[in-house]
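1. Just a sequence and a predicted model for now, questions to come.
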Amino acid sequence: MMASYKVDCRSNCKGNHDGQKDSFSCHQPVIVKSRPRKRYYVRYAIVPFEEDFTHEFKGHRNLCREDVPQRCYNPETGRSTRAPVSRALCAFLNTGKGGTVYLGITDDGSVKGIRLTLYQKDHVVLGLEDAFSRFNPPVPKHMWHLEFVPVVREGSPDLLKECSDDISAHSLNEPRRLKEHVFRTYEYCWCDKDALAQFNLGVLVSDYVIEITVHTFDSGDPRNGQMTKADLKLSPVYENEEGKAYFRRQASLFTHTVQEIVELTRQQVREHYQPIVDKLRTELYELRQGEDTQDGGVSAAT
């Protein structure tokens with residue numbers, strides 16, 4: 001089922017597009033560099049970290065199951081060669097420790113980037129909001145952060161210009177930015193068709209690595225109060241739009257059965273209460289020791 005939304009990005013505006021490889025190649029080991037208040041990746045460089053418990057690489061921007069193209073499905077196995085981004089995000093949420101998905105970095109850690117127009121960036125932001133709204137429970141906005149980091153060529157004379165793209169500099173009242181986008185489908189949205197038209201006209205469009213960060217669950221944050229039960233303040237278990245609860249183990253994703261989730265919750269409850277039980281036992285022991293000492297003193301006096 002497709003869904004369409006209007007861009008209402010006055011409070012959280014950024015956007016997206018599919019990248020194409022050019023003829024330049026770079027094998028520098030360090031890719032993320034900094035200038036005052038600017039970050040960027042170097043094209044074809046290898047990032048200085050690997051996929052692990054808190055890092056996931058994706059070479060595409062298919063956020064949910066419906067975004068995955070039909071060509072990626074194998075009718076013989078009934079499986080897809082491409083996993084939607086929502087699975088990794090769900091796993092980061094369920095670990096409670098957070099993590100970042102890097103769209104535009106391939107499995108080997110190579111920076112390719114994803115080519116995005118302003119309108120496609122809007123599409124990514126709204127598409128991610130739509131995906132998180134379909135989680136059970138829905139994921140509130142304070143639990144995640146989205147950033148578009150430019151991808152540039154090593155030694156490019158226009159390096160500063162390439163890193164200077166700022167979405168906030170564009171008018172939020174531009175009519176085309178208020179046009180409805182279509183989600184939950186692998187077919188092109190109008191913004192993708194517009195990007196293709198620009199490419200055919202020779203218009204240069206910037207590449208980006210899209211960083212989607214899920215924050216660590218903070219039981220002390222009052223905004224998370226409605227997502228916890230009783231006074232345990234345990235991280236909730238999320239299901240993505242597929243109705244599956246994914247978890248993270250090193251760099252792999254896996255699902256738990258209902259019984260396994262029950263056992264996991266019991267373990268978390270034990271870990272929560274065990275220090276309290278140990279403290280009470282110590283206090284009770286000391287209290288009994290004190291009573292025995294007093295009884296011994298009374299007997300001696302008698």
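-> Arrived safely, thanks for sending.

2. How far does the longest helix along the chain sit from its chain's centre?
-> Ranked by number of residues, the top helix in the chain under DSSP state H is helix 258-301. When C-alpha coordinates are averaged (C-alpha atoms, centre = their mean, to the nearest Å), helix 258-301 and its chain have centres 41 Å apart.

3. Find me the pLDDT at L128, would you?
-> L128 carries a pLDDT value of 97.

4. quick one: what helix or strand has it in it?
-> Here L128 sits within helix 118-133, counting by DSSP states H and E.

5. Counting by contacts, list what that helix packs against.
-> Packing partners of helix 118-133 (3 or more C-beta pairs under 8 Å, 6 or more residues apart in numbering; DSSP states H and E): strand 3-6, helix 85-95, strand 144-152, strand 180-183, helix 190-200. To be clear about C-beta, it is placed using only N, CA and C from the backbone, and glycine gets the same treatment.

6. Tell me the buried residues in that helix?
-> 118-132 (16 or more other C-beta atoms under 10 Å).

7. Looking at those residues, which is nearest F217?
-> F132 (14.7 Å; C-beta to C-beta).

8. so what's the closest residue to the closest one other than its chain neighbours up against?
-> In space, and not counting its chain neighbours, F132 is closest to V139: 3.9 Å by C-beta to C-beta, 6 or more residues apart in numbering. The contact partners of V139, by C-beta atoms under 8 Å, 6 or more residues apart in numbering, come to 93, 132-133, 238.

9. Tell me how far S206 lies from L178.
-> S206 is 22 Å from L178, where distance means C-beta to C-beta, to the nearest Å.

10. Looking at the two, which one has more neighbours?
-> S206 (22 against 13; other C-beta atoms under 10 Å).

11. any idea of the mean pLDDT in stretch 263-277?
-> 79.

12. go on, stretch 144-151?
-> Summarised as a single mean, pLDDT over stretch 144-151 is 96.

13. buried stuff in it?
-> Neighbour-count burial for stretch 144-151, counted by 16+ other C-beta under 10 Å, picks out 144, 146, 148-151.

14. Out of the helices and strands packed on helix 118-133, which is closest to E50?
-> Once the helices and strands packed on helix 118-133 are compared by C-beta to C-beta, helix 85-95 is nearest, at 14.6 Å.

15. For that closest one, which helices and strands make contact with it?
-> Short answer (3+ C-beta pairs under 8 Å, 6+ apart): helix 85-95 packs on strand 55-58, strand 99-103, helix 118-133, strand 207-214, strand 246-249, strand 252-255.

16. Reformat the ones you listed into CSV and put distance to R281 next to each item.
-> Output for the helices and strands packed on helix 85-95, formatted as CSV (distance: least, C-beta to C-beta, whole Å):
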stretch, distance to R281
strand 55-58, 41
strand 99-103, 37
helix 118-133, 43
strand 207-214, 38
strand 246-249, 33
strand 252-255, 36
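
17. Could you say which one of the ones you listed comes nearest to V277?
-> Smallest distance to V277 across those (C-beta to C-beta): 27.2 Å, for strand 246-249.

18. For that closest one, enumerate the helices and strands it packs against.
-> If you count contacts as 3+ C-beta pairs under 8 Å, 6+ apart, strand 246-249 packs onto helix 85-95, strand 252-255.
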